[in-house]
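Attaching a predicted model along with its sequence, questions to come.
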Amino acid sequence: MNVKRFTARTSREALALVRQALGEDAVVLSTKPSGDGVEVVAMAPESMAQIERMATSAATPAAPATAPASSRAAATRPGPGRPGVARTQSARGDAVAAPAAESVEDDIEQLSMSTLSFQDYVRDRMLKRRQVALQAESVAARAAVPVAEVPAGPLAARMAEAPAARPAVAMKRAQPVVQPGHAPVLGTLHSESAAHVSLHEPPVLREEVIVRTPAAPAAEAIVARRDQQDMMNELRSMKGMIEERFGALAFMEKLQRQPAQARLTQKLIDCGFSPALIRKLAEGMGPDVTDEMAWAASVLERNLLSADREPPLEDQGGVYALVGATGVGKTTTTAKLAAAFATRYGASHLGLITLDAYRVGAHEQLRAYGRILGVPVHTAHDRASLEDLLDLLSGKKMVLIDTAGMAQRDTRTRELLDMLGHRSIHKLLVVNSAAQGETIEDVLLSYRANTCRGVVLSKMDEAVKLGPALDALIRHKLTVLGVANGQRVPEDWHRLSSNALIHRALRPTIATAYRMDASEVNLIFAAPHHQSHGMASHAALMEHA
């Protein structure tokens, strides 16, 4: 057997070497990558012919010379009382002879192309073996059923017309060695099989297999595509996990090599800033930075927008609607703004409207502040009444609208925002600075913070960490219009600069149980991180660093 191995840089070059050495009719047995490129194992066509002869001789073994031909003929010829035996032996003869006559010859025809891949060859061989197995199962099932129980049909009629033809063909293909004294019996069998040879070309069982085989490749193709898709999904998942883990390891290794970045990371985590913002700050800090906290404070201060250098809201005037989640202090903030305006310009130039008609007695708090200031409070139940009140108060320098508190995931939040869609209304989003970072993020998205005039930070006196709120404002590029740090009206209303807010956020007083040491920082940065909303702001933040 002439089997050779060829190695080249590419498959095309390897196949060219195969054709040059073995000819155009060479048979490619396998292809696989190697250290030098691609390795191809091929065989000469003469070796394939040798395999064909060996397979043919193995498929037609000679019968023992001592066995009388007459007894074998009698055993294969069905008699009146032995129909089941004749059917069984006939089926066995076809099951053995069919693969021997088809396997090698069909393979020679399919392998005549020199570029036939080894994978196609193996798949064809497996399909043929499966067809042979289906034939054997069908033969066994038919042989187990008595002749009387088989329903009359085209195939049954053909089998009934020539019950001895199938055993005769099987004996003819087997080519037994017969003693001279029994030659007439063998000749009789050959004559009987020749008389009915037209009934068995193609054989009956092959017709049944041909009917069933078209669905098999389609089902196998579907299963193969599904397995391939599952494998690709697993590979993508593994690739993403490996990239995330290696990225986290690289970041932590960088922190270990640069102690200043490690200290900055730990302090910012204690202040409540998000890991995404901390990662950007740590990566942007240069090696020449001596005071990492002062450097981080300057970067955060330049990226936090504050209205401390603009005229205050009470001086600008206009129509302002205070919106926000439940219990963030919208009514109290409205009263503080109203008191600050009335103190400077007088109550006659101020208008107050409340939309909080959902809760019983909810508008009474604002009415109490209005009585103190000497300003009537109007109630609007829908958009039409709100527009009428705005027309009525159009001569006022400042109009404040107090809205009902709704959870950020309440379905009525969208209705409230649509109600405040009048072109003259400026929305002020009131955010609880003591809330968690995830909650603040959800509030900013639900109340469409990008369409608001700015943000008011409330309950600063209750906030242990101011970092989460400022982190969200930096990422969404929102302006801080004012802060509220108490219940007093109007004493607890302030306008702070970005510098004051950042320094307030960088000096947290957290309990020891919630403080993380250097070794526990790995737990945060070893977790997978994804591109989240506001990462574009982080990139812009690094430009200002």
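Arrived safely. Numbers count the residues shown, from 1 in each chain.

Contacts for stretch 440-449, please.
Applying C-beta atoms under 8 Å, 6 or more residues apart in numbering, the contact partners of stretch 440-449 are 323-325, 408-409, 413, 417, 429, 431-432, 435, 455, 468-469, 472, 476, 478, 533. The way it works is simple: take the backbone N, C-alpha and C, and place the C-beta from them, glycine included.

Going by neighbour count, which residues of it are buried?
Ile440, Glu441, Asp442, Val443, Leu444, Ser446, Tyr447, Ala449 (16 or more other C-beta atoms under 10 Å).

Which pLDDT value belongs to the first one?
Which is Ile440. At Ile440 the predicted local distance difference test score is 93.

How is this protein divided into domains?
By the assignment in automatic domain parsing, the chain contains the domains 67-102+131-211, 214-304+511-545, 310-496.

Check which helices and strands the helix or strand encompassing Arg129 sits against.
Mapping Arg129 onto the secondary structure by DSSP states H and E places it in helix 118-144. Applying 3 or more C-beta pairs under 8 Å, 6 or more residues apart in numbering; DSSP states H and E, one finds that helix 118-144 contacts strand 27-34, helix 83-110, helix 204-212, helix 215-257.

which stretches of the chain aren't confidently modelled?
With pLDDT under 70 as the threshold, the chain has low-confidence stretches at 1, 55-123, 143-216, 247-248, 250-256, 357-362, 508-513, 516-545.

What are the boundaries of the strands in the stretch 351-500 of the chain?
Ranges of strands in the stretch 351-500 of the chain, per DSSP state E, counting those that start in this stretch, are 377-379, 398-402, 425-432, 454-458, 479-484, 493-494.

Looking at those strands, which is nearest to Gln261?
Relative to Gln261, the nearest member of the strands of the stretch 351-500 of the chain by C-beta to C-beta is strand 479-484, separated by 28.2 Å.

gap between the two ends of stretch 410-428?
Stretch 410-428 has an end-to-end distance of 19 Å (C-alpha to C-alpha, to the nearest Å).

Please point out which parts of it sit buried.
Residues of stretch 410-428 classed as buried: Thr413, Leu416, Leu417, Met419, Leu420, Ile425, Lys427, Leu428 (neighbour count, 16+ other C-beta under 10 Å).

any chance of those residues in JSON lines, plus distance to Pro275?
Compiled in JSON lines, the buried residues of stretch 410-428 are given as follows (distance: C-beta to C-beta, whole Å):
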{"residue": "Thr413", "distance to Pro275": "29"}
{"residue": "Leu416", "distance to Pro275": "33"}
{"residue": "Leu417", "distance to Pro275": "31"}
{"residue": "Met419", "distance to Pro275": "38"}
{"residue": "Leu420", "distance to Pro275": "35"}
{"residue": "Ile425", "distance to Pro275": "37"}
{"residue": "Lys427", "distance to Pro275": "31"}
{"residue": "Leu428", "distance to Pro275": "30"}
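
I'd like to know which of the residues you listed is nearest to Leu264.
So of the buried residues of stretch 410-428, ranked by how close each gets to Leu264 (C-beta to C-beta), first place is Leu428, at 33.9 Å.

quick one: contacts for the closest one?
Leu428 sits next to Tyr320, Ala321, Leu322, Val323, Cys452, Arg453, Gly454, Val455, Val456, Leu481 when contact means C-beta under 8 Å, 6+ apart.

how about a cut-off of 6 Å?
With contact taken as C-beta atoms under 6 Å, 6 or more residues apart in numbering, Leu428 is in contact with Tyr320, Leu322, Arg453, Val456.

any idea which of these is the one closest to Leu300?
Relative to Leu300, and with distances defined as C-beta to C-beta, the nearest of the contacts of Leu428 is Val456, at 19.9 Å.

Quick check: closest non-adjacent residue to the closest one.
Counting by C-beta to C-beta, 6 or more residues apart in numbering, the nearest residue to Val456 once its immediate chain neighbours are dropped is Val430, at 4.8 Å.

Can you tell me how far that neighbour is from Ala14?
Val430 sits 72 Å away from Ala14 when distances are taken as C-beta to C-beta, to the nearest Å.

same check, this time on Val399
The spacing between Val399 and Ala14, counted by C-beta to C-beta, is 83 Å.

One more: Gln258?
From Gln258 over to Ala14 (counting by C-beta to C-beta), the distance is 50 Å.

which one of these two has more residues nearby?
The neighbour comparison of Gln258 against Ala14 (other C-beta atoms under 10 Å) goes to Ala14, with 22 against 16.
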